[in-house]
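Student: this is the structure alone, sequence omitted:
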C-alpha cells in the first residue's frame, strides 16, 4: 500500500519568506510526527499529533514554527520568516497509534533557505 | 536530559560482521529502535527491543541491556547494499517521540 508521502520533495526559499510543508500519512494511522534532520545528524523531534490535536509540541524551536492537522489526516508544517539555520530535511512519520508503535517515515522535504 | 551515543562511522568488508554500539542515558525508557537510512532516503525500521536480550531477524540482530543503558545492532554477511547510516532511537515511557542518536555511517568495501 501507499506509504507516507511528503510534498514538495525540495524547496528553495529566500530568507524571510514563509513556507508550508505537507505530509500525507498512511491511511488509518492516527499518530503523526514531524522531525528535522540536519546533514550528518540524527532526526530531531519537532511535534506529534494524535488525531487532530498536537499531543506534544515541545520540539518546535520557536514561534516561527507551527503545524496543523485539521482533519486528523494530512498535516502541514508552517515556517514563518525563514532563516538560513532552518535549512534541513524535514521528515514526517506516522504510526497506528502513539506509544511504542513502529513509526513509518516519509522521504522528507529538503528545505534550503538562501 | 537525553544522551544517546553511537560511533560516527565504521568500515567493514563485504561478507564480514559489524557491530554498532549505542549507549543511552534518558529520563524514562520504554524501548529502543534501530533504523536504517540510505543517503537521501527515509529511515526504515529494522528492530525494536523492549526487553533485555538478543533478537535475531535474518542477517540483522539487535541486543538490549536496560541496566547498562546499552544496545547493539549486529549485521552479518555484509552486502554492499548495507552501506547506509544506522540510527539508534529511544522511546520514553511517558511519551511517544523518538529521540535519536547521531547515526553511524557504515561503509561496506569489496
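Tutor: Sure, I can see it. Treat the numbers as computed from the prediction; the structure is a model and nothing was measured. Numbering: from 1, shown residues only, chains lettered A, B, ... in the order given.

Student: only C-alpha atoms for contact and neighbour calcs from this point on.
Tutor: Noted.

Student: low-confidence ranges, chain B, go.
Tutor: B:1, B:93-95 (pLDDT under 70).

Student: where does chain A have its least confident helix or strand?
Tutor: When each helix and strand of chain A is scored by mean pLDDT, DSSP states H and E, strand A:53-56 comes last, with a mean of 91.

Student: in its sheet, what does it sit against?
Tutor: Strand A:53-56 pairs in its sheet with strand A:44-50 (antiparallel), by DSSP bridges.

Student: what are the buried residues along stretch A:57-64?
Tutor: Using 16 or more other C-alpha atoms under 10 Å in any protein chain shown as the test for burial, stretch A:57-64 gives A:57, A:59-60.

Student: for chain A, what lies in contact range of chain B?
Tutor: Applying C-alpha under 8 Å from any C-alpha of the partner chain, we find that chain A lies next to chain B at A:33, A:40-45, A:48, A:91, A:98-100, A:102-108.

Student: on that earlier part again, ok, the buried residues of stretch A:57-64 vs residue B:24, which is closest?
Tutor: In terms of C-alpha to C-alpha, no member of the buried residues of stretch A:57-64 lies closer to residue B:24 than residue A:59, at 19.3 Å.

Student: so who does the closest one touch?
Tutor: A:44-47 (C-alpha atoms under 8 Å, 6 or more residues apart in numbering or on different chains).

Student: helix/strand/coil for it?
Tutor: Here residue A:59 is coil, with the state taken from DSSP: H, G, I helix; E, B strand; the rest coil.

Student: ignoring the adjacent residues along the chain, who's closest to it?
Tutor: Distances taken as C-alpha to C-alpha, 6 or more residues apart in numbering or on different chains place residue A:46 nearest to residue A:59, at 3.9 Å, with adjacent residues excluded.

Student: before we move on, what about residue B:63?
Tutor: Nearest to residue B:63 is residue B:54, by C-alpha to C-alpha, 6+ apart, at 4.3 Å.

Student: tell me the pLDDT at the residue nearest the centre of chain A?
Tutor: Nearest to the geometric centre of chain A sits residue A:34, at 3.3 Å (C-alpha atoms, centre = their mean). If you check residue A:34, the pLDDT there is 97.

Student: mind jotting down where the strands sit in chain A?
Tutor: A:5-7, A:10-13, A:19-24, A:31-37, A:44-50, A:53-56, A:65-68, A:75-79, A:88-95, A:104-105, A:109-113 (DSSP state E).

Student: other SSEs contacting the helix or strand where residue B:35 lies?
Tutor: Applying DSSP states H and E as the criterion places residue B:35 in strand B:31-37. Other helices and strands packing on strand B:31-37, by 3 or more C-alpha pairs under 8 Å, 6 or more residues apart in numbering or on different chains; DSSP states H and E, are strand B:44-49, strand B:84-91.

Student: helix or strand next in line after the shortest one, which one?
Tutor: What it means is strand B:44-49. Criterion used, DSSP H and E; the element after strand B:44-49 is strand B:53-57.

Student: name the residues that touch the helix or strand following that following strand?
Tutor: From strand B:53-57 onward toward the C-terminus, using DSSP H and E, the following helix or strand is strand B:60-65. Strand B:60-65 is contacted by residues B:32, B:46-47, B:49-56, B:70-76 when judged by C-alpha under 8 Å, 6+ apart.

Student: thank you kindly, that will do.
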